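> Okay, structure incoming, though there's no sequence with it:
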C-alpha cells in the first residue's frame with residue numbers, strides 16, 4: 001500500500017518529482033506499518049492542500065464523507081454535501097481539481113451503468129479510498145507518538161473529521177436534494 005501510494009504521488013505530481021521523492025523519503029518514518037502509512041497519508045494530503053487552512057478544512061470534510069459513506073459517491077454529490085461555508089467562494093471544478101490531487105489514495109470509477117468507451121467529466125466520477133487504512137487514518141483524532149506505539153494527544157491529526165456533525169451535514173444535504 002505504501003509503495004503504491006508513493007509511486008502514484010510521485011507520478012501524478014505536477015511539480016518537481018525529485019523534490020516529491022525526497023519529501024517522501026525524508027518524512028520521518030515511525031517504527032510500525034501504521035505509523036509509516038500515517039506519514040504517507042499526511043504527505044499526500046499536505047501536498048494536495050499546500051497546508052492552506054481553508055483547503056485543509058475542505059479536505060477534512062471530503063475525507064470524512066469518504067470514510068463514513070457506505071458506498072462510493074460521485075464527486076458532484078460530495079461537493080453538494082460540503083457545508084455551505086466550505087463551498088462559499090469555490091466551485092465544483094475547483095473542488096474536483098482538489099480531489100484529483102488525491103489520486104494516490106483514491107480510486108475513481110464511472111459507475112456500473114456507464115459505457116467504458118464514453119468520455120466522462122471528472123465531476124461525474126465515483127470516488128472511494130484505495131485502501132481501508134485511509135479511512136482508519138481519517139478516523140484518528142490524534143497522530144501516533146514518535147515511538148509509533150500509542151496515540152499522542154499533543155498531536156492532533158489535521159485531517160481528522162468528527163463523524164457526528166458530518167453525518168448531520170450529509171443528512172441535511174440529502175433532504176435538500178430530495179426537496180429540489
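It's in. None of these values were measured; they are calculated from a predicted model.
> Mind listing residues that contact stretch 127-140?
With contact meaning CB atoms under 8 Å, 6 or more residues apart in numbering, stretch 127-140 is reached by 1, 4-5, 34, 37-38, 41, 63-64, 66-67, 72-75, 78, 99, 104-109, 151, 157, 159-161, 163. C-betas here are computed from N, CA, C, even on glycine.
> mind listing the helices in the protein by residue range?
Assigned by DSSP state H, the chain shows helices spanning 2-11, 17-26, 33-49, 53-68, 75-81, 84-87, 92-100, 132-139, 163-179.
> how about the ones you listed in a markdown table, adding mean pLDDT and distance to residue 123?
Formatted as a markdown table, the helices of the chain follow (pLDDT from 0 to 100; distance: least, CB to CB, whole Å):
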| stretch | mean pLDDT | distance to residue 123 |
| --- | --- | --- |
| helix 2-11 | 78 | 21 |
| helix 17-26 | 74 | 26 |
| helix 33-49 | 83 | 18 |
| helix 53-68 | 91 | 14 |
| helix 75-81 | 89 | 5 |
| helix 84-87 | 86 | 14 |
| helix 92-100 | 92 | 5 |
| helix 132-139 | 90 | 22 |
| helix 163-179 | 82 | 16 |
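> would you turn those into a markdown table with mean neighbour count?
Listed next are the helices of the chain as a markdown table, based on neighbours: other CB atoms under 10 Å:
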| stretch | mean neighbour count |
| --- | --- |
| helix 2-11 | 16 |
| helix 17-26 | 13 |
| helix 33-49 | 20 |
| helix 53-68 | 20 |
| helix 75-81 | 20 |
| helix 84-87 | 14 |
| helix 92-100 | 17 |
| helix 132-139 | 19 |
| helix 163-179 | 13 |
